[in-house]
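Colleague: Kindly generate the corresponding structure for this input.
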Amino acid sequence: MPVRSPADRHPLPMRDGVAPSYLWLPEGQWPDMITFLAAHFADVPESTWRERMARGHVVDGDGVPLAPHSAYRRGMRIFYYRELEQVETPIPFQEQILFMDDHLVVVDKPHFLPMTPTGRFLHETLLVRLKKTLGEPALTPIHRLDRETAGVVIFSRRPESRGAYQSLFQQRVIEKEYEALAPRLDGAQFPFTYRSRMVDGDKFFLMKEEAGEPNSETIIDVIEHGADCTRYRLFPHTGRKHQLRLHLSALGIPIRNDAFYPVALPSGPDDYERPLKLLARRICFLDPLSGDWREFSSQRSL
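Modeller: Below you'll find the model as predicted:
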């Protein structure tokens, strides 16, 4: 059995695929734990925290249950379960496991499914679904895909080997290939490389381009021209948030059904008939542990 580092040890067990969250208590003066929790998590009612504590679902690093009157100690780590106040709406698309070995799980993610718990999504996320299916609390994504994007994504099964695979992405020695459907770009010589400087946009969930040294790079090629759109092959050399979506939009060929670029549309319920036409088609790399060449392809189509 692998040895887990202190950062991976949880005094609360995984519950229905959800691993406990944790928080290092910051600098500050608080009379007790409930006062801090009610102030720090402004969206969670104090009564909810009291109810969680009564169930023993808020503990310290040694697994000792915390009570509302427990002392606040800066630097202490507390564990708790993230819970939603409302019932989640099921996402009617299923992931497919493409490959598993002792260290990795490679998955074909559907559109609309978030990678990890965030906002209104908890159980309807790829990570929690996989933890339920495999029963593995240590499962962790090595890289990310947007909720709107489908395709190949890799998870780590073992904390002790996770860094070796993460370093492949940090060193940019992973080959990633995407497909996208977008309008035809006239006058371009394919393939070509598009570079720009990407920064956080005016809205927290968007990115934008600005003048300056480029920090993002995408090779753009054409697979085929259709009557009403073109199928593009995209090779991102960098991995900026929304990079492919922003790059194609900046070229005047926004990806079909993109609700963010070039203009962010008002939020509303997902339209399952109009998925973003972006697919992480293929990923390949030299395995740092086995030395084998790994290549995984999505079975989905746009």
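Colleague: Just the buried residues of stretch 270-288, please?
Modeller: 275-283, 285 (16 or more other CB atoms under 10 Å). C-beta coordinates here come from the backbone N, C-alpha and C atoms, glycine included.
Colleague: Select from these every entry located in strands.
Modeller: 278-283, 285 (DSSP state E).
Colleague: Output the lowest mean pLDDT helix or strand found in the protein.
Modeller: Sorting the helices and strands of the chain by mean pLDDT, DSSP states H and E puts strand 21-24 at the bottom, at a mean of 90.
Colleague: what's that strand packed up against?
Modeller: Counting contacts by 3 or more CB pairs under 8 Å, 6 or more residues apart in numbering; DSSP states H and E, strand 21-24 packs against strand 77-80.
Colleague: Note down every partner strand of the helix or strand following the strand it packs on and its orientation.
Modeller: Following strand 77-80 in sequence order, the next helix or strand is strand 96-100 (DSSP states H and E). If you go by DSSP bridges, strand 96-100 pairs up with strand 104-109 (antiparallel).
Colleague: what does the partner strand contact?
Modeller: Residues outside strand 104-109 that contact it (CB atoms under 8 Å, 6 or more residues apart in numbering): 95-100, 115, 126, 130, 134, 139, 145, 149-157, 165, 280, 283, 296, 298-300.
Colleague: starting at the chain centroid, how far to it?
Modeller: 13 Å (CA atoms, centre = their mean, to the nearest Å).
Colleague: Now it - C-alpha only, CSV.
Modeller: What follows is strand 104-109, C-alpha atoms only, in CSV (Å, rounded to 0.1, in the frame of the first residue of the first chain):
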residue,chain,number,x,y,z
LEU,A,104,-3.1,6.6,-14.0
VAL,A,105,-6.8,6.7,-15.0
VAL,A,106,-7.5,8.1,-18.5
VAL,A,107,-11.0,9.3,-19.0
ASP,A,108,-13.1,10.5,-22.0
LYS,A,109,-15.1,13.4,-20.5
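Colleague: by how many degrees do it and strand 278-286 diverge?
Modeller: On the basis of axes from the mean of the first three to the mean of the last three CA atoms, to 10 degrees, strand 104-109 is oriented at 160 degrees to strand 278-286.
Colleague: continuing past strand 104-109, what's the next helix or strand?
Modeller: Using DSSP H and E, the first helix or strand after strand 104-109 is helix 126-134.
Colleague: What ranges does this structure have for its strands?
Modeller: Using DSSP E, the strands of the chain run over 21-24, 58-60, 77-80, 96-100, 104-109, 140-141, 150-156, 175-182, 192-200, 207-210, 216-225, 230-236, 278-286, 293-297.
Colleague: which other residues reach the first one?
Modeller: Contact with strand 21-24 is made by 10, 40, 75-82, as judged by CB under 8 Å, 6+ apart.
Colleague: about what we covered before: most packed of the strands of the chain?
Modeller: Stretch with highest mean neighbour count among these: strand 150-156 (a mean of 24; mean count of other CB atoms under 10 Å).
Colleague: and that one, what's its mean pLDDT?
Modeller: Confidence for strand 150-156, expressed as mean pLDDT, is 97.
Colleague: got the CA positions of that strand in CSV?
Modeller: Extracted C-alpha coordinates of strand 150-156, given in CSV (Å, rounded to 0.1, in the frame of the first residue of the first chain):
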residue,chain,number,x,y,z
ALA,A,150,-15.3,17.2,-23.9
GLY,A,151,-12.4,14.7,-24.4
VAL,A,152,-9.4,13.0,-23.0
VAL,A,153,-8.2,13.9,-19.4
ILE,A,154,-5.8,12.2,-17.1
PHE,A,155,-6.1,11.4,-13.4
SER,A,156,-3.4,10.3,-10.9
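Colleague: Paired strands for it, with orientation please.
Modeller: According to DSSP bridges, strand 150-156 forms sheet pairs with strand 104-109 (antiparallel), strand 140-141 (antiparallel), strand 278-286 (parallel).
Colleague: How far away from the center of its chain is that strand?
Modeller: The answer for strand 150-156 is 10 Å, by CA atoms, centre = their mean.
Colleague: who's in contact with Pro45?
Modeller: Going by CB under 8 Å, 6+ apart, Pro45 touches Ala38.
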